[in-house]
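Asker: kindly return the folded structure for what I paste below:
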Amino acid sequence: MITLPARKPRRSAAATRRTPLHLDRAAIKRRLADETYDVVVIGGGITGAYAVLDAASRGLRAALIEKDDFASGTSSKSSKMVHGGLRYIEQGNVNLVRHSLLERHRFRKNAPHLVHRLPFLFPILEKEGIFDARLAKGFEGLLWTYDLVGGWRIGKLHQRLSVPEVLAQAPTLRAENLKGGLMYFDARTDDARLVLTIVRTAAALGASVLNGAKAEGLLTQMGKVAGARVSVDGDTIDIRAGAVVNATGVWTDELDAKADDGHKPQVRPAKGVHIVVPWEKVRINCTVTVPIPGRARRATCTRWGNSVVLGTTDEDYKGSPDDVHCTREEMDFLLEGANTAFEGKLTPDDVVGSIGGLRPLVGGKEGATLDMRRDHHITIGRTGMVTVTGGKLTTSRHMGELVIDKVMTVLGRKGASRTANLPLLGGAGYDAEAVAASGGIAAHLGERFGTEARFVGDLIQDDPTLAEPIVAGLPYTKAEVVYAARAELARSVDDVLSRRMRARLFARDASADAADAVGAILGRELNLTQAEVERSVSDYLAAVRHEKSVLLEGAAA
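Answerer: Numbering: from 1, shown residues only. Just a heads-up that it's a prediction; the model follows:
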């Protein structure tokens, strides 16, 4: 094959835009139908997002389509940790940990507004703990390994804490068996906003990105995949491309089967759930790892503003990947762990939100999913489609790089990845200390949009009423709904409240109360009919009711 030089990206510096990036849905649809792309990525989760960004940064004509919304699957329902994974050291997978810690460092450098350092506390208990004082010494050896293979990049090494120091971080921990603690440092992120920011960065570099665009079939030419037939907004369009990437996560086998009639299923979904309770019920200032009686997996309790997120489980899943929720049994399991570790009594009435998601693990039909490795798998099928499965959020940038390396092989081209040092939109020039010191709306917007917050601020300056909160008890503003419609391809109430904001997770009932107001703003911004607005609101309310029925009443998920 003839090797062509990679095109230079069609852009000025994407990370330091002087004007807001407005995404026009109708214009994107026209481009998808009219242009011929080098690569089309199917699947708008974290892996597909970084794949299309990597392609665009190399100068490829790149497109991304997602059947629902960006990050609507697993990538908005993760543990929200950007970490090396202590558990993988325990499993002997030190190379994965080393590489994950390097990628964690890159995330913190390229997206400092979205990826924040977070202390993790392991209490040392005399009995009924994750480990007692005798085992703590051995566990501290794991922490030294963690620090040495890359944990040091976060700026702090692990620490051994006294009982008073532990209680200063977690004053409601049951103290009767407490002997001290170990603390180390990792990072966390709003996973849905991270995915959206990666997608928008790709768009700033010239990629065509669209949600609500389902691949109904694959186009072929001379026995090779050559694009996708897509249904979008009631229309059908053919997207022509030299290469196709399957980054659909737990739906991977379904799309692979469309490319190859002889395809054998590879993905083994593992279900994880989280629940959210008010901070005043637990009052921790970090992530506290606690034992769950009779279970091998540890639970984590993480402060997130005025809330605490409890998770996660890791179990085989056999149901529909399109209807995954936390069940009553899973909620009770997490509450039991928290009530064992902390004083007071959490009840189902304290749970203000929940999520359930599926990890697309690969291979291994026997044994617990907890023990399965989290390595990624990237293959080129007999029809030329590049398929990526497995992996984890922390290593998504590198996975995207490797995916596009395979795409370059399919295209017969060369060109190195540029994403290792590529700031995401809002990341370049971001000053975390100055943002934190600003307080109020400015700090809130800065921690969500980085340096792009000024564009949301401009909306408020033009119309001060947009500074009003949209969800009771949460800091989100009406301006963010407007911005979601104009610049973030939000199409529905669910897109806004579940992912552009995380209101459904952190205040489910209050988010339902805000649905009408969100729908009204979207109606004005997107020129929706009254019937379309009412349908968007009713769909969201129905989804919330279903989620609650599964969680509280034990209804079928």
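
Asker: run through this structure and note the low-pLDDT ranges.
Answerer: Along the chain, segments meeting pLDDT under 70 span 1-17, 127-135, 293-297, 363-374, 555-557.

Asker: select the longest helix from it.
Answerer: The longest helix of the chain (DSSP state H) is helix 530-553.

Asker: packing partners of it?
Answerer: helix 328-341, helix 493-494, helix 508-513, helix 515-526 (3 or more C-beta pairs under 8 Å, 6 or more residues apart in numbering; DSSP states H and E). C-beta: built from backbone N, CA, C; applies to glycine.

Asker: for the second one, name the packing helices and strands.
Answerer: Okay, so that is helix 493-494. helix 515-526, helix 530-553.

Asker: who's in contact with that helix?
Answerer: For helix 493-494, contacts defined as C-beta atoms under 8 Å, 6 or more residues apart in numbering pick out 69, 504, 515, 518-519, 522, 536-537, 539-540, 543.

Asker: how far out from the middle of the chain is that helix?
Answerer: When C-alpha coordinates are averaged (C-alpha atoms, centre = their mean, to the nearest Å), helix 493-494 and its chain have centres 18 Å apart.

Asker: heads up, I number from 880, so please use that
Answerer: Happy to do that; since the first residue is 880 now, the last one works out to helix 1372-1373.

Asker: my read: Val1241 touches His1256, true?
Answerer: Yes: between Val1241 and His1256 there is a contact under C-beta atoms under 8 Å: 5.0 Å.

Asker: identify the contacts common to those two.
Answerer: Common neighbours of Val1241 and His1256 (C-beta under 8 Å, 6+ apart) are 1145, 1268-1269.

Asker: what about the residue nearest the centre of the chain, distance to His1255?
Answerer: Centroid check for the chain by C-alpha atoms, centre = their mean gives Asp1070 as the closest residue, at 2.7 Å. Plainly put, Asp1070 is 17 Å away from His1255 if you go by C-beta to C-beta, to the nearest Å.

Asker: how about His1142?
Answerer: If you go by C-beta to C-beta, the gap between His1142 and His1255 works out to 18 Å.

Asker: equivalent analysis for Arg1147, please.
Answerer: 14 Å.

Asker: swap in Asn1300?
Answerer: For Asn1300 relative to His1255 (C-beta to C-beta), the value is 21 Å.

Asker: quick one: which of these two has more around it?
Answerer: Under the neighbour definition other C-beta atoms under 10 Å, Asn1300 and His1255 were set side by side, and His1255 has more, 20 against 8.

Asker: so who does the more buried one touch?
Answerer: Contacts of His1255 by C-beta under 8 Å, 6+ apart are 1267-1270, 1274, 1278, 1281.

Asker: among the helices and strands packed on helix 1372-1373, which is the most enclosed?
Answerer: Burial of these is given as mean neighbour count (mean count of other C-beta atoms under 10 Å); helix 1394-1405 ranks first at a mean of 19.

Asker: elements contacting that one?
Answerer: So helix 1394-1405, by 3+ C-beta pairs under 8 Å, 6+ apart, packs with helix 1357-1366, helix 1372-1373, helix 1409-1432.

Asker: ok now it, how far from the chain's centre?
Answerer: In terms of C-alpha atoms, centre = their mean, the centre of helix 1394-1405 is found 25 Å from the chain centre.

Asker: and the helices in the stretch 1130-1279 of the chain?
Answerer: 1131-1138, 1207-1220, 1275-1290 (DSSP state H, counting those that start in this stretch).

Asker: could you dump those to a markdown table with distance to Ser1428 and mean neighbour count?
Answerer: Formatted as a markdown table, the helices of the stretch 1130-1279 of the chain follow (distance: least, C-beta to C-beta, whole Å; neighbours: other C-beta atoms under 10 Å):
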| stretch | distance to Ser1428 | mean neighbour count |
| --- | --- | --- |
| helix 1131-1138 | 27 | 19 |
| helix 1207-1220 | 10 | 19 |
| helix 1275-1290 | 33 | 23 |
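
Asker: and those helices: which comes nearest Ser1087?
Answerer: Ser1087 lies closest, by C-beta to C-beta, to one member of those: helix 1275-1290, at 15.8 Å.

Asker: need the contact partners of that closest one.
Answerer: Contacts for helix 1275-1290 (C-beta under 8 Å, 6+ apart): 917-918, 925-926, 928-934, 937, 939, 978, 982, 985-986, 1121-1122, 1124, 1126, 1255, 1257, 1259, 1263, 1265, 1267, 1270, 1293-1294, 1296, 1298-1299.

Asker: of the residues you listed, which belong to strands?
Answerer: 917-918, 1121-1122, 1124, 1255, 1257, 1259, 1265, 1267 (DSSP state E).

Asker: quick check: the farthest pair among those residues?
Answerer: Using C-beta to C-beta, the ones in strands among the contacts of helix 1275-1290 span at most 23.1 Å, a distance reached by Gly1121 and His1255.

Asker: number of residues surrounding Glu1312?
Answerer: 7.
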